[in-house]
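> structure here, sequence nowhere to be found:
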């Protein structure tokens, strides 16, 4: 019995809905404002600051764009030469472009250095404090929403609603 996560752009809130069956099509109205909710992609694993602060699962991400990006990563990741930092940086840039999630300043700087062929361990030792202290992503709302300015991280409603 799955739990689905939905995002209300108007309320800037994430809601959890319990379903007695696998139901991938139903989109309930917002429990607060009654507007249509957007189904969110479940994040099964993440590392670093995003995991520690619950950052990744709080992002309202376009599910279709994320699925395409994950398929691309699956097909390309196996072909990456782990000794070539340029390839890993290129994959990260593609993921950012496909999902509409912008990279933070520190992450952009680290990727530029990797694209120039610098050693990732050296980059980490020099930029580690900066990368740990800033958000790795600049998120301005749902992908493709064209929102202006930085939108605050969504609130999370801890209630479990029936789908």
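Yep, that arrived. Source: prediction; values computed, not measured.
> residue 160 belongs to a strand?
Yes - counting by DSSP: H, G, I helix; E, B strand; the rest coil, residue 160 is part of a strand.
> can I assume it is in contact with residue 5?
No - using CB atoms under 8 Å, residue 160 is not in contact with residue 5; the gap is 10.8 Å. Just so you know, the C-beta spots here come from the backbone N, C-alpha and C atoms, and that holds for glycine as well.
> and residue 14, what element?
Here residue 14, judged by DSSP states H and E, is contained in strand 13-18.
> just residue 108 next, same as before
Secondary structure from DSSP H and E places residue 108 in helix 105-115.
> packing partners for that helix?
If you count contacts as 3 or more CB pairs under 8 Å, 6 or more residues apart in numbering; DSSP states H and E, helix 105-115 packs onto helix 85-99, helix 120-133.
> could you tell me the angle between the first one and helix 105-115?
For helix 85-99 against helix 105-115, the angle between stretch directions is 140 degrees (axes from the mean of the first three to the mean of the last three CA atoms, to 10 degrees).
> what distance separates helix 85-99 from the centre of its chain?
Helix 85-99 has its C-alpha centroid displaced from the chain centroid by 14 Å (CA atoms, centre = their mean, to the nearest Å).
> show me how this protein divides into domains.
For the chain, the domain assignment from automatic domain parsing gives the residue ranges 1-60+144-163, 62-138.
> lowest average pLDDT across these?
Lowest mean pLDDT of the domains of the chain: domain 1-60+144-163, a mean of 72.
> residue 36 against residue 27, yeah?
Yes - proximity of residue 36 to residue 27 meets the contact threshold set by CB under 8 Å, at 6.0 Å.
> which one is residue 2 nearest to, not counting chain neighbours?
Nearest non-adjacent residue to residue 2, counting by CB to CB, 6 or more residues apart in numbering: residue 19, 5.5 Å away.
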